[in-house]
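J.: Turn this into a structure:
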Amino acid sequence: MKLTHSFVTPAPAEEVWEALLDPERVAPCLPGATLTSVDGKTFGGEVKVKIGPVQLLYRGSGEFVEIDPVLRRAVLKAAGKDTRGNGTASALVTFQVGDTVEVETNLSVTGRPAQLGRGLIAEVSGKLVAQFAECLASTLGSVDPDEVAQQQHLRVVPDEPIDLIDTAGVPVLKRVLPIAAVVLAVVLFVVLRRRRQR
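T.: Numbers count the residues shown, from 1 in each chain. Have a look, this model is predicted:
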């Protein structure tokens, strides 16, 4: 599944470019994410995802496979697996920094999140990118990168999980309510029928 997003560069392009190449600086702006290791261009981490009452914990790694400082363009490859075996996620993310940050993601998801469908995943990812951009704007230029790195380095307590249902909001309710109404109608029909048979 291909997803495309963009947001206005919240600081000078060179500063944003340098921040996006530094997992320790951007990890605090990624909802549900915890950085567990950094080694050059590779890093490890965890992401907590919540779908209604179900909570998933993905563990995986990422690597910058291409970095072009002239074009300020980079390609990041990442993959993770749910610790309970409920699915996998992998992504090839290309971003380029100019007056806007253009992000293109080739995403592959299996398991429970895949059941949400392309439309809902696109809605959720769009809102998460907007949250990320807002957080990035608030931190760039106002925080010492060394201080961020020190606070973030090998953090073992994961952030609060990304609640996909809450993040999507009203669009999810529009999809869920008709299904819930049908289920309720079936349940009422079965209950009433049993009562009549008594």
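
J.: neighbouring strands for the helix or strand where K77 lies, and are they parallel or not?
T.: Assigned by DSSP states H and E, K77 belongs to strand 73-82. Each strand that pairs with strand 73-82, with its direction, by DSSP bridges: strand 54-68 (antiparallel), strand 88-97 (antiparallel).

J.: Tell me which of these sits most buried.
T.: strand 88-97 (a mean of 18; mean count of other CB atoms under 10 Å). Any C-beta I mention is one placed from the backbone N, CA and C, and that applies to glycine too.

J.: can you give me the strands for the chain?
T.: 2-8, 33-39, 42-51, 54-68, 73-82, 88-97, 100-109, 162-163 (DSSP state E).

J.: Those: which one's closest to V129?
T.: Counting by CB to CB, V129 lies closest to strand 2-8 out of those; the figure is 4.4 Å.

J.: For S125, which of the strands of the chain is the nearest?
T.: Here strand 2-8 is closest among these (CB to CB), at 5.4 Å.

J.: could you point out where this protein is predicted with low confidence?
T.: For the chain, the stretches flagged by pLDDT under 70 are 116, 141-198.

J.: shouldn't V65 be in contact with L76?
T.: Yes. The criterion here is CB atoms under 8 Å, and V65 meets it with L76 at 7.1 Å.
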